[in-house]
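Engineer: All I have is the shape, not the residue letters:
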């Protein structure tokens with residue numbers, strides 16, 4: 001059964017890589033990719049012997065919506081964080097958020113050094129930081 005879990009994890013990683021490419025190119029994370037990620041993530045959660053953490057995901061969605069209203073995060077980023085929150089416990093979710101912030105800072109520094117004009121015009125592709133944080137902090 002462990003090999004099925006690994007294959008499913010790799011499927012989620014491939015979907016997150018596609019989301020990263022889309023976010024870098026167009027600064028948009030499509031709802032279709034979010035749905036595919038949910039469909040791949042739920043079996044991974046069940047195969048790991050856990051249940052999806054719906055309260056945490058809904059809390060992330062509500063807080064993310066407020067951040068979206070304040071122009072801090074994009075709507076796709078909020079949806080991606082909410083979907084990925086299904087797989088975390090509260091303590092591991094804090095680690096995920098910390099790693100997201102750290103990866104986001106590194107991406108912001110690289111972006112401002114090498115792609116300053118593009119970052120200022122189009123914003124930061126934060127889906128990349130979110131995806132990297134998930135890959136490195138998944139329980």
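Structural biologist: Yep, that arrived. Bear in mind that the values here come from a model prediction, so they are computed numbers and not experimental data.

Engineer: The helix or strand of the chain with the lowest mean pLDDT: which residues count as buried?
Structural biologist: Ranking every helix and strand in the chain by mean pLDDT, DSSP states H and E puts helix 116-122 at the bottom, with a mean of 86. Of all the residues in helix 116-122, those buried under the rule 16 or more other CB atoms under 10 Å are residue 119. Backbone N, C-alpha and C define where each C-beta goes, glycine included.

Engineer: ok, residues contacting the helix or strand just after it?
Structural biologist: Counting by DSSP states H and E, the next helix or strand C-terminal to helix 116-122 is helix 126-137. Residues outside helix 126-137 that contact it (CB atoms under 8 Å, 6 or more residues apart in numbering): 13, 16-17, 19-20, 22-24, 29, 73-74, 76-77, 80-81, 84, 88, 92, 95-97, 99-104, 106-107.

Engineer: Buried ones among those?
Structural biologist: Neighbour counting with 16+ other CB under 10 Å marks 16, 19-20, 22-23, 29, 73-74, 76-77, 80-81, 84, 88, 96-97, 99-100, 103-104, 107 as buried within those.

Engineer: Next step: the residues you listed restricted to helices.
Structural biologist: Of the buried ones among the contacts of helix 126-137, the ones assigned to helices by DSSP state H are 16, 19-20, 22-23, 76-77, 80-81, 84, 96-97, 99-100, 103-104, 107.

Engineer: In contact with residue 12, which residues?
Structural biologist: Residue 12 makes contact with 37, 40-41, 44 under the criterion CB under 8 Å, 6+ apart.

Engineer: now it: how far from residue 36?
Structural biologist: Per CB to CB, to the nearest Å, residue 12 is found 10 Å from residue 36.

Engineer: With residue 84 instead?
Structural biologist: Residue 84 is 13 Å from residue 36, by CB to CB.

Engineer: same check, this time on residue 88
Structural biologist: 19 Å.

Engineer: which SSE is residue 94 in?
Structural biologist: Assigned by DSSP H and E, residue 94 belongs to helix 90-114.

Engineer: so how far is that helix from its chain's centroid?
Structural biologist: Here the centre of helix 90-114 is set off from its chain's centre by 11 Å, with CA atoms, centre = their mean, to the nearest Å.
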